[in-house]
Structure formats: structure tokens, C-alpha cells
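Trainee: Need coordinates for the below:
(chains A and B)
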There are 2 protein chains.
Amino acid sequence: MSLRHSVGRLSQRAGASCTAASASHLTKVAALQTRSFATPVPPVTQNAAGSKGPTAMVFLNMGGPSTTDEVGDFLSRLFADGDLIPLGRLQNYLGPFISQRRTPKIQKQYATIGGGSPIRKWSELQNEEMCKILDEISPETAPHKPYVAFRYANPLTEEMYNRLLADGFGNGKGGRAVAFTQYPQYSCSTTGSSLNELWKWRQRLEGKAGPGAIQWSVIDRWPVHPGLVEAFATNIEQKLLEYPEERRSKAVLLFSAHSLPMDVVNRGDPYPAEVAATVYAVMQRLGFSNPYRLCWQSQVGPKAWLGPQTSTSVEDYIAKGQKDLVLIPIAFTSDHIETLYELDREVIGESGHADTVKRVESLNGNPIFIKGLANLAKSHLQSGVACSYQMGLRCPGCKSERCAESKKFFASPENAFAV
Amino acid sequence: MSLRHSVGRLSQRAGASCTAASASHLTKVAALQTRSFATPVPPVTQNAAGSKGPTAMVFLNMGGPSTTDEVGDFLSRLFADGDLIPLGRLQNYLGPFISQRRTPKIQKQYATIGGGSPIRKWSELQNEEMCKILDEISPETAPHKPYVAFRYANPLTEEMYNRLLADGFGNGKGGRAVAFTQYPQYSCSTTGSSLNELWKWRQRLEGKAGPGAIQWSVIDRWPVHPGLVEAFATNIEQKLLEYPEERRSKAVLLFSAHSLPMDVVNRGDPYPAEVAATVYAVMQRLGFSNPYRLCWQSQVGPKAWLGPQTSTSVEDYIAKGQKDLVLIPIAFTSDHIETLYELDREVIGESGHADTVKRVESLNGNPIFIKGLANLAKSHLQSGVACSYQMGLRCPGCKSERCAESKKFFASPENAFAV
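Mentor: Got it, this is the predicted structure:
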């Protein structure tokens, strides 16, 4: 997603190709299997009654470079992802070119926010803490073991999958793993891309494992989960306390989510509607205490993106005299360059009103949020469903066969339908 | 809104000018008052404890021509509305030109659906039935008297306001009226335009009435009201029963709302997010029984509109083999040409699968819906608020002074904030 804040180097792109090359024979095997995918792999529905731990809890997210040295790798992977940035046949040429051009600027941005993205630190902490709670509230699936799989940064999906196998999951021994997206709202560009990647590595590393393969289920969206809503709401209430009491209820809440290009929106991506559902749920929880708007950030390039833009919305409200503005990153669960640099340094820093334009804390290590994750995971583990019913439905305008096959794999038979 | 299904004639446009001319001196008075609007008119907050009936319940909607003869007038008003179709200085020239060109085609469409729009019939019935229930459940504000004010068709706002005055409201006698939008989700193009029109006529007809003027309060949005959600959900359940049991849960629910031009979306119009909130609430009530998508209908002209389009979504799903599709008009409360012609005749009629692509009933005379309207109105009458807190907030990209003044009038002092 983070196009605006992405960097790439040709050398890193070569690295990505290298990874691809080393797995090329597996790719061919997987491709053959995919083409003869008349009957999908065995159903991945779970039987809570019969299941035992250990259970692998795998957090999916885009990731970010932990150091400025990793920025190049991060970027070349990002621009190589056709689910995120569909460049068609030109992907292998344009991707490295664009990422290389962006390198110096974006490296500086990461240097500014402390030398790297904190997303790995937060993801690992959130998952570890969640697993501790799960061991208590869901003993029948304990022990719960935390894994992180990033789409564009270490630990990558391949690394995570190999760790799972080394830890005794799969390889004829079965075992259960839950792919838990850390994007609360589903987009084909984010969760979809992560699941396609997971499906790819599952096919490559366990395509022939049969009944002894890891049994996967997916938490693919949770836009209005009570723990998420409560965590956002309490953070907002906390931030509002920083305004003088007489101005507090008049501060405008500006919910900000990463934007999508209009061609993705118009293809039928469910993300804008699910983000809106989160916003409405948070406002309901707050009793509509303040006026609000949903806006969209991080647009880049010449294409049309969904608006209104966060940065111009802030400028416009200030121009109208409304200077008490609370920015709420509503589609991220931890700090990213989009919060620490784009919102804090650019939008707020350049607004001329850093005293009245404020950003609420990201969820990061928030215990309400982590407890919410555990409750959500417990419900999923007990539900016996493979994924949400919504996940099996492709976007009306989807042309991706990878998406079709990945969805077919993750959606259980009783959920599957012919789209 | 209904650009696609609009007709106009120069003769009708002349008629509209005539109305405007007859009120020209009032316009000047109102304009003067507006310019010197340093202190807004007295607060319109309601005191439920002290209020007595009668209470005027005024339904706001766009309206539609009841006969094909009214089509021209309807269209010339629609294309003259700068809140809906901002043509700037060219409004008075381009509007009639466009409407005239569309006349013959659209008249045929109204002829096809029975010679006119049923919106007046349904609006009057819904309001009368709601008022009967209100008289029972809210005796302290009884009797409740139903009025309808359409934006582009009879009864127009001016006519409604004059009826209110003739019936003993205002003119020094005070009295309470509730402007109750029949667009569940707020858009500046719909509810905003209706309220600007109401504010205009209020200024013209009662601008100097002082404390004896009608006390207005506004129900300006109700996207997730339980009565609305329940009515949609039961209609969907009813329609799903028409599919064989083994196919029922696999039918895809396609929620369809009137689209907006992207320049309105990017200005910050709250409508797309509120429509998404309705959809999510209905899906929650249905227990996510079926896969679903939100799509947008009635795009017209060369500008970019919010998608995915309803018509292409239906085509795309059919091409993917998904032929069981349930269309749900989610932003209308009664049948319009958008349901009866566009969805039924065009989208379904031309799909080649009229046996499996179906549309749920519109809310029309649905008793669950009407009971919901009464409960919503009762809550509003007892709340003592002038309008939602959200209504006072202009869109970040709004440049309309009319909008600013209208909002200032309808938002009560304690709700007002400096935007």
C-alpha cells in the first residue's frame, strides 16, 4: 500500500528475482497443480471439538523496513506485487525503475522517524501478548504459537512457512494454523495480496502433503470487532482531553485511511465500505460526540484515487476556521511511516497549527486492543469456519486467476460458490 | 439525483422562471437578510417537555413526476439545482438545453412504468400512517399532521410552506415542524439540497416573523435506524425464499445505491460512508448469511462517478457463472424510476437471466418500515435536538455559501461550530 513511502533499488530487485529463481521448480509444480485444480485441496474447515494445540497464530501484514538498509528490498518487493500495483507485462521493468527513483527520498523519511518502521516490533509484541491471553481463555487450542508473515519485509511469508514446518507443523503431521490479517478491513491490495502469497507458498512447500498438511483457516476481516472499536474510541477520548473543555466537543474527528486507486474501487474492492463501517461503529460507540468525516491519505502518482484527501481536508478546514482537528488512522493497527511521517511530519507539521491539529495514538501495545485480538481469535477458533462467507466472493471486476484459486483454497466447501 | 431518468422542456423551464419571478421581491428581501446574517435567527432547539401539538411532520424527498405531463417541469427544476448539478454561470442556459434533449427518452420510460412515479403516493401514505402511530406513541406532541415537500415535483417546498402557514403554523403563532428527510443517508446533493430549499422559503416567507415563526428541527440522517435495517432485512429474506433451498445461501446480495460524481465524493460528501454503514448494519442483522457487495447505479455523462457500477457488476458476475443475484435498492425508501425502470427493465430485463437475477421489494407501504419511521420520529421529538451533530459540519471542500447559511440556521447554537 505504502506507495508514497516506498523505496527500491535495482540491486534489491535482483535479490527478489533470486528468491523467485531458487523456487522456480516449485513454481512449475504448483502451476501444474493449479491448472488441474478441478477438485480443490481437502476442506480446511476446523472441528473445534476435536482439535488440539499447538495452534499457530500467523499475523499477516505488509511490513516495513526495520532499518534504512532494508528499504530497498522492501520497495522492490512492493513494486513487484501485481496484486498491489498491477503493471502487467511491464511489472519486471517498471517496478525496479520506479522503486529506484524513490529510494533516496524515502530512505530519508525512515531516517527521520528513527531509522525504520516499528511494525515488526509491534506485530511481534501484539501476537505474543495475544497468544498468552489465548492460552488462558482458549485452553482447548493451547499452546498458541505466534508467527508473523510480512508481504514486503522480513519475516517474509516463505520464511514464516519454513519456520512452521521446522517447528513441527505440517509435513505429514497436520496441525492447525490461523492466518490472522492485521488489516481490519479487507482489500484485495492488502489482505488479498497476503493471502495469495500464503497460498503460493503453501502450494510450493506443501502442495503434495495431502491430509498431513497444515490445516489453514483465515480471519480475513474484522472491521467492527468490539475490541477494535473500543480501542479506537478510548484513544480518541484520551486525545480529546487535550483540548480545553469548552472546545472539546467541537473538535472535528477526521478518520484517515490509506486510499485506493479508483480503478481498484471501481473493480468492486470491499475496502472503502468496510472502512466506513469501522468509522460508523466508532462514532456509535462515542455517542456521536463530535462532528466527523472520513478521508483518505497517501495518494501518489497521476491516477485517480478515492478522496477526499486527508491533507487537503485538513487545509480546507483550517481555511474555514476549524483548527481543532483530530486525525485518527482508522485502517492501521500500529504505527507506520503513514502515521509517523506522513500525518505527524507532513500533514500536522506543515499545517501551521500543530497545537490544535492532533493525531490519536496508534493501537500499538494498547491492552484493550490486544485483549480484543484474543477474543476475536477465540471466537474464530471455536467457530469451525474456514474464513468469512464474504471472502469467497471475488470482486465483480476481478480478472485475477491467482485470486480465484487462492479464494477457492481458503474458502471451505460449504462456503464456496461459483464465482 | 435522477439525472439519468430526467426530462425537461424549454416550456417547462419557462414555467419555473415564472415561479421564480412571482417571488422575486421576496428573493431580494431574503438576499438582504442573508447578507446581514451576522447573528442567525433564534435557536430552533426544541423543549419536548414544554412543547404541545399540533406538530407538522414534513417529509423531504426529490419527488418525481406523477404523470408524464409533469416530466418537463420536474426536469427543468432538477437541472436548475446548483446543489445537485453545479453548472455555475451556465446553469440557466445549459440546464434547459440538457433537459430538453432528454425529454422524449425519459417520458417513454415513465410511460413504461405506468405513466408516472409512485413516489408521491408512497410518501403521502407513509407519512399519514406514521402520523397515526405517532399520535398513539407520542401523545404529548399530537396531533401530528403530515406534509410532503418535494425538491423537483409537486408538492414543492413553497407549496408545502404556504400550506403550513394556512393551516395555522407560524405567522406569529409559532408551532413546531419537523423536516424529516426521506433519504436515509445524507448527501449534499439530496438532503442538503432539500434543506437549502426549505431554508430559502423559510427566509422568504417567515424571515421577519421572529419568535412567532415556525420552530424547525431536522431529522437529517438515519442510515442504521433499527426499523430501516429490519425492513430491508425482512424484504431480503423474503426474496431469498424464491430461490431453491440448496442455492439460497449462495445467492449474492448486490446492494445498489444511486452513485455520486467523484468531484462530489472528493469534496467530502458523507453519503458513500453512510450508505456503507447501512449495508453493514443490514448484513449484521442477516448474520452475514450471504456474500455481498455494494455497488452504485445511475451514472450519466462523461464525468467520473463512484463505482463499481450496478449494471456492469451484474454482467460481470453472470460472466463468472454467478447467476443468482439479489439486487437491493439501499438508498431509496420507495419505488422510483431507478428501481422500476433502471433495475427491473434495464439491469434485470437485459441480463438474460430474469429468472435468477431478482430485486427485493422497495420499502413502500411496508408496516415494519412505517413503524420504524414513527419510532425514529418519536425519539427525535423527545430528544430536544435541532439536528444531528454531524449536520453542522460542512464538507471540507465545500464552497457553497448557501450551504453554510442553511447549516447555520438548522444547527442549534450548542451544536454550532466555526466552519
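
Trainee: could you give the mean pLDDT of the helix or strand that contains A:Trp201?
Mentor: Assigned by DSSP states H and E, A:Trp201 belongs to helix A:193-206. Averaged across helix A:193-206, the pLDDT comes to 95.

Trainee: what does the helix or strand just after it contact?
Mentor: Next helix or strand after helix A:193-206 toward the C-terminus (DSSP H and E): strand A:215-219. Contact partners of strand A:215-219, identified using CB atoms under 8 Å, 6 or more residues apart in numbering or on different chains, comprise A:44-46, A:174-181, A:195, A:198, A:202, A:376-377, A:380, A:385-388, A:391, A:410. All C-beta spots, glycine's among them, are computed from the backbone N, C-alpha and C.

Trainee: Give the residue spans of the stretch 301-419 of chain A that score low on pLDDT.
Mentor: Scanning the stretch 301-419 of chain A for pLDDT under 70 picks out A:412-419.

Trainee: Make a ChimeraX selection of the buried ones in the contacts of strand A:215-219.
Mentor: Of those, the buried ones can be selected in ChimeraX as follows, counting by 16 or more other CB atoms under 10 Å in any protein chain shown:
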select /A:44,45,46,175,176,177,178,179,180,181,195,198,202,376,377,380,385,386,387,388,391,410
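
Trainee: Show me what residue of the stretch 51-200 of chain A gets nearest to chain B.
Mentor: A:Gln185 (10.5 Å; CB to the nearest CB).

Trainee: for A:Thr55, phi and psi?
Mentor: phi -120, psi 130 (degrees, to the nearest 10).

Trainee: Would you check that it makes contact with A:Phe180?
Mentor: No. In this structure, A:Thr55 is not within contact of A:Phe180 by CB atoms under 8 Å, at 10.9 Å.

Trainee: And the helix holding A:Trp201, what does it pack against?
Mentor: When contacts are defined as 3 or more CB pairs under 8 Å, 6 or more residues apart in numbering or on different chains; DSSP states H and E, helix A:193-206 sits against helix A:24-35, strand A:55-61, strand A:144-150, helix A:157-166, strand A:176-181, strand A:215-219, helix A:401-410.

Trainee: swap the cut-off to 6 Å and go again
Mentor: The contact analysis (3 or more CB pairs under 6 Å, 6 or more residues apart in numbering or on different chains; DSSP states H and E) places helix A:193-206 against helix A:24-35, helix A:157-166, helix A:401-410.

Trainee: Show the average pLDDT along the first one.
Mentor: Helix A:24-35 comes out with an average pLDDT of 34.

Trainee: Flag every buried residue along the helix holding A:Trp201.
Mentor: Quick answer for helix A:193-206 (16+ other CB under 10 Å): A:193-206.

Trainee: same deal with stretch A:247-262?
Mentor: Those buried within stretch A:247-262 under the rule 16+ other CB under 10 Å are A:249-262.

Trainee: Kindly report the same for stretch A:360-376.
Mentor: So for stretch A:360-376, counting by 16+ other CB under 10 Å, buried means A:360-364, A:366, A:368-376.

Trainee: Now A:Ser194: closest residue in space that isn't a chain neighbour?
Mentor: A:Leu60 (4.1 Å; CB to CB, 6 or more residues apart in numbering or on different chains).

Trainee: And the one you found, how close does it get to A:Pro155?
Mentor: Distance from A:Leu60 to A:Pro155, counting by CB to CB, to the nearest Å: 11 Å.

Trainee: Compare the two and say which is more crowded by neighbours.
Mentor: A:Leu60 (28 against 18; other CB atoms under 10 Å in any protein chain shown).

Trainee: tell me the contacts of the more buried one?
Mentor: A:Ala149, A:Ala179, A:Thr181, A:Ser194 (CB atoms under 6 Å, 6 or more residues apart in numbering or on different chains).

Trainee: so what's it bridging to?
Mentor: Applying DSSP bridges to A:Leu60 gives these bridge partners: A:Ala149, A:Thr181.

Trainee: mind listing what's buried in the longest helix anywhere in chain A?
Mentor: Assignment by DSSP state H gives helix A:91-112 as the longest helix of chain A. Neighbour-count burial for helix A:91-112, with 16+ other CB under 10 Å as criterion, is recorded at A:Gly95, A:Pro96, A:Ile98, A:Ser99, A:Gln100, A:Arg102, A:Thr103, A:Ile106, A:Gln107, A:Gln109, A:Tyr110.

Trainee: Flag every residue of the stretch 251-400 of chain A that's near chain B.
Mentor: Contact residues, the stretch 251-400 of chain A versus chain B (CB under 6 Å from any CB of the partner chain): A:266, A:268, A:273, A:276-277, A:280, A:288, A:291, A:293-294, A:307-308, A:313, A:316-317, A:320-322, A:389-390, A:393, A:396-397.

Trainee: out of those residues, which are buried?
Mentor: A:266, A:268, A:273, A:276-277, A:280, A:291, A:293-294, A:307-308, A:313, A:316-317, A:322, A:389-390, A:393, A:396-397.

Trainee: what about the strands in the stretch 201-350 of chain A?
Mentor: A:215-219, A:252-258, A:292-297, A:325-329 (DSSP state E, counting those that start in this stretch).

Trainee: Comparing these, which yields the minimum mean pLDDT?
Mentor: Taking the mean pLDDT of the strands of the stretch 201-350 of chain A, strand A:215-219 comes last: a mean of 94.

Trainee: Strand A:176-181 and that one, what's the angle between them?
Mentor: Orientation of strand A:215-219 against strand A:176-181 (axes from the mean of the first three to the mean of the last three CA atoms, to 10 degrees) gives an angle of 30 degrees.

Trainee: Now do the helices in the stretch 201-350 of chain A.
Mentor: All helices of the stretch 201-350 of chain A, identified by DSSP state H, counting those that start in this stretch, fall at A:226-240, A:245-248, A:262-267, A:271-285, A:310-319, A:337.

Trainee: hang on, the earlier thing: which one among the buried residues of stretch A:360-376 gets closest to chain B?
Mentor: A:Leu376 (14.9 Å).

Trainee: The closest one touches A:Pro223, doesn't it?
Mentor: No. Counting by CB atoms under 6 Å, A:Leu376 sits too far from A:Pro223 to count as a contact (11.5 Å).

Trainee: Which neighbouring elements make contact with the helix or strand that contains A:Gly72?
Mentor: Assigned by DSSP H and E, A:Gly72 belongs to helix A:71-79. If you count contacts as 3+ CB pairs under 6 Å, 6+ apart, helix A:71-79 packs onto helix A:10-22, helix A:91-112.

Trainee: Just the C-alpha atoms of the last one, please, in PDB.
Mentor: Read that as helix A:91-112. The C-alpha trace of helix A:91-112 is given here as PDB (Å, rounded to 0.1, in the frame of the first residue of the first chain):
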ATOM      1  CA  GLN A  91       6.000  -5.300 -13.900                       C
ATOM      2  CA  ASN A  92       9.600  -6.500 -14.100                       C
ATOM      3  CA  TYR A  93      10.800  -3.400 -15.800                       C
ATOM      4  CA  LEU A  94       8.700  -0.500 -14.400                       C
ATOM      5  CA  GLY A  95       8.700  -1.800 -10.900                       C
ATOM      6  CA  PRO A  96      12.500  -1.600 -10.300                       C
ATOM      7  CA  PHE A  97      12.700   1.700 -12.200                       C
ATOM      8  CA  ILE A  98      10.000   3.300 -10.000                       C
ATOM      9  CA  SER A  99      11.400   1.900  -6.800                       C
ATOM     10  CA  GLN A 100      14.900   3.000  -7.600                       C
ATOM     11  CA  ARG A 101      13.800   6.600  -8.300                       C
ATOM     12  CA  ARG A 102      12.100   6.700  -5.000                       C
ATOM     13  CA  THR A 103      14.900   5.300  -2.900                       C
ATOM     14  CA  PRO A 104      16.800   8.400  -1.600                       C
ATOM     15  CA  LYS A 105      13.700  10.400  -0.700                       C
ATOM     16  CA  ILE A 106      12.000   7.600   1.200                       C
ATOM     17  CA  GLN A 107      15.200   6.500   3.000                       C
ATOM     18  CA  LYS A 108      15.400  10.000   4.400                       C
ATOM     19  CA  GLN A 109      11.800   9.600   5.700                       C
ATOM     20  CA  TYR A 110      12.600   6.400   7.500                       C
ATOM     21  CA  ALA A 111      15.700   8.000   8.900                       C
ATOM     22  CA  THR A 112      13.600  10.800  10.300                       C
END
